[in-house]
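Trainee: I need the structure of the sequence given here:
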Amino acid sequence: MNGTDDERCGAPDAPCNSLSKTIQRSEDGDTIVLTSGEMFTDCNNIFIDKSLNIVSNAGFVSIGCPHSNAIHSALPSTIMTIEPKYGHFLDIYFRGIQFTNGYVIITNTALVLSSCHLRDAAFRSRVNCERLDLLIDGCSIGLSKPIFVDDLTTFDTSLVCRHLTANITNTTTNDINVNLHGSGSCNVAIAGCIFRKLYALETGLGGINISVSQSNGSVIVRNSLFENFLHYDPVLSSINIESSVLRIESVQYPGENRISATIDITDSVFRDNERAVSVSRSFRNITISRCRFERNTVMHAAAAVRLAIGVNDHVVFTDVTFDGNSAGHNRHLSVPGKFEYDGFQIQIREKRVNGIISLVGKGGAVRIHRGRVRFVNCTFINNTASLLGGTIFVAKNGSVQLVNCRFVNTDIGKHAMQGDLLYSSGSVLVVNSTFLTRTAKDHVSILRHSGHPWSMDVRSLWFECPVGYRLLIVNATSHRIEPKVGLLRSNKLDQLYYYCQTCGNNQYSLNKGFVNFTVLTNVDHFYTLLINGVQPFDSHPVHYEFGNITCHGCPYGGDCEGDIKAVANFWGYRHRNGITFQHCPQEYCCTSTRCSGIDDCAPHRHGTLCGRCMAGYSESLFSSVCVPNYKCRSYWIVVALAVIGIVYTMFLLSQKELRDFVASGSWELIGCQRRKKDKPKKECQEMIAVMNEPSSNIETIADTKPVVTRSAGTLIILFYYFQDSFLLHMDTIYTRTASKFVNRLKNFLVGLFWFRLDFFQFLEGICIFPNLQPVEKLLFKVLFVPYVILLLGAIFAVDKTWRAIRMSILCPQRARTQKKGSDDYPSNSSFSCRLASGFTLAMLFTYQKMATATFALLNCVPIGNVSVLHIDGSIVCFEGWQYGVMLFAGLCVGPFSLILMIGPPLLRNKTISVFHFCVGCLFPLPSLLYWCYRHLVRKQKDHNTRRARITQSSQPPAANAPNIYDLKPETVTILEILQGPFKDSSSQGLLGQLCWAGVLVARRLILFICYTFINDVLVRMLSMICVCFIILMHHMHVHPYKNNKDNLAGAFSASALLVVGVINLIRACFEAAEYIPQGPYKILMAMCEYIENTLLLWLPLAGVCVILISILLRMAAFIGTKRQVRQQTR
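Mentor: Reported below is the predicted structural model:
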């Protein structure tokens, strides 16, 4: 049949094809085949009163009323009624049918559903149902979309019958509830089924509710999955006292005195539900075997299994695992005015419910109200409750036996108020069971029993506290009087309390408190006193082993409140029966004030000192953040860095012109424009001509008097100040007040003035190379320094090559006839001076980066019996490559200040050339040895020449000091940078002529060493403050600069460094004391932060803005004056 009737339907040659008419014309036992894949629509309630087989051979065929869609109608219509005539019983078989949008009413029928679907449809039974046999195989039941109706039970399948048999196999049920109730007999078997909630909306709790007769009922659940059945309405969740995803109860009807109902749940999983299993009233036997209860939660009691059965009913759990179940904890957000949670109780204001309800968090895994429960080979892990019995709660009418069980409490710090693993007021038997605690609190009992006399029987037990906790046992037992015999005592107890407590008083321990207890006899009581005068035989053989702990003082870097933990930026390790903490590199380790362990790392970091990123992760180029390797594709940053290097190089080549441009020309030209009526036009034109000339005034130095130019002293002071000030800055969580924007702005300025790449701090996740580790990253970043030097060298080579080509190819005859150095010989001394000044400033400005990077590769710290690299703890120190770094530090980094001290005097005396000086800056120690040799040779030669002149003349020759105007322009440029800002020495000896530029670098080298090699922040800050104070005193005593303004700037720089150091010393003190400032100290730190930001951030920003404004004004004045001159010329 295809569902379509014509006008002659029913005639011999025109059969009926609609379902309703076909059923009317069919006979008992017929088979109806649906051949159309379309929906059989019939909203008139198809009535079936005979045994039929209805199957589909066209896939799934839908039967239902489309006008009764559940989304638009609160009450679906009845689409089919299956009801036999009075006194009959039907056999109905459906295959490949999808029932949609309505109810199917069924009574007194044996119904078979094979490979069928129920979408927005439900089966219901009549009130007068006498017998119902249900077989469902390979079907699915659920909602097509979330429903929006007031009655959440609209699409529940509810079958209530006197005699009910249900076999459900290989079926999936989504988002709805199945209710099965048999008052006379009820036998339910579920196998291979999945009960799941798909929609994260309130569609009722869902699951299956079974009600059986206590005299004739059974429930069997095999190999099934129950998951994600939760209330999303916080009100419904808060009033859920006993509902669960699998709820079974027995009912005693009048005349029933026998209890024979049974429950068997095997090989099933209950996961992420709002209470998994709830069993109520009497059953003869309950067995739960090889099941898993995982992450079930409830706001009241018993997240996994709730047992409120008869007092003498027996329950056996065998090989069952309870993991991560939680009772009594609110999982909903507060809704003001409707649902408000204060930590203990819930205030509800709603039409359905109004008032206050307290959360009864008892039995995180199992709550036993009544009954005799036996656990065999069961495992309890990470279960918790808010009130009593984090794992098992036993009421006074309950009894529990623990045989070969293993208990492990929560590791997330959520503990019950008493009895974190077991709380009992009933009877308890413990046989060969293990209790392990991973976390504990001093005042919270782990195992707590207080019942009637001799209600606690411990036959064999292993109990273990966490590391650093001692075991405190409190027990009590009572004596029993045996009339006319004597006084009895037993190994059974009335009360038993196990506590795990720390050492206290800022101490810690690496031991575990434990007890190993076994009763070696089956006799559980003995006489301690006999009234017949006979000595009682004390027979109480037990094995008792008690382990105590040894406490140690809390080490520096550790937090011994409770478990020993690391404080922020520390990493701990075990060494010589204790724990030692070592400072971590910044942002490597835990950065919280409440770390969870001694060796916590930042996300995705691991290893010694958290020095490396985990496998599959790479360290970000501009921070210590570890990013996945698949994100390491930011190749554009290489181009950006190359461009930045070129910009730095251009700045170094043009810095003198920029200084002169900003400092000298701006205000004179503006004044010239404003006073153009008073000043002759010729003067303005001459000023413009002077400003347009190259700033290097050395080309005409031989035949004109020197032109006074702006020295580089102020620029060097500025760079040195900002480079050194950030060495004194430290970031600690104990005094962190600056915003993220301010921190990133600081880091930007650090990178800018340090000539390093770290001003990309706002790109924390930038990664180029996969599996990049700290040492490789440091080497890559320091390559920026030789890159700038190579650019300068390349420019020098290009300049030399171009000059040679121009002279040899373009003008060969002129080159042969003219002598090099003559007036007509074309020179490029101005550009050579640019290169010389750029190279010198590059070496000065990048020295800090090279020095700190080199020392960082040599900074080793002790970890146990070995030394490891501080920035990468996985690297053991003194490997082959590290000796190369030591050689570089000894040859280049350390002696560089000596080059700057000795080089300028030797340049002035023409002992060395500019080439020798540049090579000396790159290779200081070998060059120093060579210079000393040349100086000695030159000194001996001068001595011999002087003696020869004395013998030839009666008067000794006058000692002529070298004239600076007789030197090469490049030499003069270098001397102007290194010695020009400083006072000249009148001493004729080499040591008396030491250049102050080298003295400044030598003083800074001491700061670099303190900053790199002293890892303890408090000691480091004290050392650096002492160095800064000595530097300030030395500067105030010597006044090394020629210009008073430069002396004042140098004094301000040294004083500001001292102020920044003192501010960060306060921070270091708070970090060392592990104290977060409160009250007036918090105000003090806010003021210190404001002062530091002013010195490190706002002043440089203001200076940069002033420079930019000056450049703009200078350009505007220049353009305006140029235009006036052009007009006057015309």
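Trainee: ok, which stretches of the stretch 1001-1130 of the chain are helices?
Mentor: Counting by DSSP state H, counting those that start in this stretch, the stretch 1001-1130 of the chain has helices at residues 1017-1038, 1044-1073, 1080-1093, 1099-1129.
Trainee: any buried residues in stretch 189-209, and which?
Mentor: Neighbour counts over stretch 189-209 (16 or more other CB atoms under 10 Å) mark 189-191, 193, 195-197, 202-209 as buried. Any C-beta I mention is one placed from the backbone N, CA and C, and that applies to glycine too.
Trainee: that one: how far from the chain's middle?
Mentor: 35 Å (CA atoms, centre = their mean, to the nearest Å).
Trainee: spatially nearest residue to Gly513, not counting backbone neighbours?
Mentor: Of all residues not flanking Gly513 in the chain, Leu471 sits nearest, at 3.4 Å (CB to CB, 6 or more residues apart in numbering).
Trainee: need the contact list for the one you found.
Mentor: Contact partners of Leu471, counting by CB atoms under 8 Å, 6 or more residues apart in numbering, are Phe463, Cys465, Tyr498, Tyr499, Cys500, Gly513, Phe514, Val515, Phe546, Gly547, Asn548.
Trainee: any idea what the first one is bridged to?
Mentor: Right, the one you point to is Phe463. Beta bridges link Phe463 to Phe435, Val515, judged by DSSP bridges.
Trainee: state the number of residues packed around it.
Mentor: 24 (other CB atoms under 10 Å).
Trainee: give me the phi and psi angles of the spatially most central residue of the chain.
Mentor: The structure's the chain has its C-alpha centroid closest to Pro603; by CA atoms, centre = their mean the separation is 4.3 Å. With angles defined as degrees, to the nearest 10, Pro603 sits at phi -50, psi 130.
Trainee: for the closest residue to it other than its chain neighbours, list each beta-bridge partner.
Mentor: Nearest non-adjacent residue to Pro603, counting by CB to CB, 6+ apart: Cys626, 6.8 Å away. Taking DSSP bridges as the rule, Cys626 bridges to Glu619.
Trainee: contacts only, for Cys626.
Mentor: Taking CB under 8 Å, 6+ apart as the criterion, Cys626 is in contact with Ala602, Pro603, His604, Arg605, Cys613, Met614, Tyr617, Ser618, Glu619, Ser620.
Trainee: pLDDT score assigned to it?
Mentor: Model confidence at Cys626, given as pLDDT, is 91.
Trainee: how about Val972?
Mentor: Reading off the confidence values, Val972 has pLDDT 86.
Trainee: how near is the residue nearest to Gly513 to Trp462?
Mentor: Per CB to CB, to the nearest Å, Leu471 is found 11 Å from Trp462.
Trainee: excluding its backbone neighbours, what's nearest Leu246?
Mentor: Val277 (4.9 Å).
Trainee: circling back: check which helix or strand the residue nearest to Gly513 maps to.
Mentor: strand 469-476 (DSSP states H and E).
Trainee: for the next helix or strand along the chain from that strand, which strands pair with it and how are they oriented?
Mentor: Downstream of strand 469-476, the first helix or strand assigned by DSSP H and E is strand 480-482. Strand 480-482 sits in its sheet next to strand 486-490 (antiparallel), going by DSSP bridges.
Trainee: outside of the strand it pairs with, which residues touch it?
Mentor: 454, 477, 479-482, 524-532, 536.
Trainee: which residues does the closest residue to Pro234 other than its chain neighbours contact?
Mentor: Of all residues not flanking Pro234 in the chain, His332 sits nearest, at 3.6 Å (CB to CB, 6+ apart). With contacts defined as CB under 8 Å, 6+ apart, His332 is in contact with Pro234, Ser237, Ser238, Phe339, Tyr341.
Trainee: and those, which two are furthest apart?
Mentor: Farthest pair in the contacts of His332 (CB to CB) is Ser237 and Tyr341. Separation: 11.1 Å.
Trainee: now do whichever strand or helix holds Thr384: which elements does it pack against?
Mentor: Using DSSP H and E, Thr384 sits within strand 379-385. Judged by 3 or more CB pairs under 8 Å, 6 or more residues apart in numbering; DSSP states H and E, the packing partners of strand 379-385 are strand 321-323, strand 326-327, strand 406-409.
Trainee: can you give the strand pairings for the first one, parallel or anti for each?
Mentor: Just to be clear, that refers to strand 321-323. strand 292-294 (parallel), strand 379-385 (parallel).
Trainee: now those strands as a markdown table including mean neighbour count and distance to Ile1006?
Mentor: Below are these laid out as a markdown table (neighbours: other CB atoms under 10 Å; distance: least, CB to CB, whole Å):
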| stretch | mean neighbour count | distance to Ile1006 |
| --- | --- | --- |
| strand 292-294 | 21 | 61 |
| strand 379-385 | 26 | 54 |
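Trainee: mind putting the ones you listed in a markdown table, mean pLDDT included?
Mentor: Formatted as a markdown table, the strands paired with strand 321-323 follow (pLDDT from 0 to 100):
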| stretch | mean pLDDT |
| --- | --- |
| strand 292-294 | 97 |
| strand 379-385 | 95 |
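Trainee: these into CSV, with extra columns for distance to Lys800?
Mentor: CSV is the format used below for the strands paired with strand 321-323 (distance: least, CB to CB, whole Å):
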stretch, distance to Lys800
strand 292-294, 76
strand 379-385, 74
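Trainee: nearest approach to Gly1103 belongs to which of these?
Mentor: Nearest of the strands paired with strand 321-323 to Gly1103, taken as CB to CB: strand 379-385 at 58.3 Å.
Trainee: so what's the closest residue to Thr266 other than its chain neighbours bridging to?
Mentor: Leaving aside its chain neighbours, Thr266 sits nearest to Ser289 (4.8 Å; criterion: CB to CB, 6+ apart). Taking DSSP bridges, one obtains Thr266, Thr318 as the residues bridged to Ser289.
Trainee: neighbours around Ser289, how many?
Mentor: 16.
Trainee: just checking, it touches Ile263?
Mentor: No - at 11.3 Å, Ser289 does not count as touching Ile263 under the criterion of CB atoms under 8 Å.
Trainee: shaky segments in the stretch 51-200 of the chain?
Mentor: 67-76, 147-154 (pLDDT under 70).
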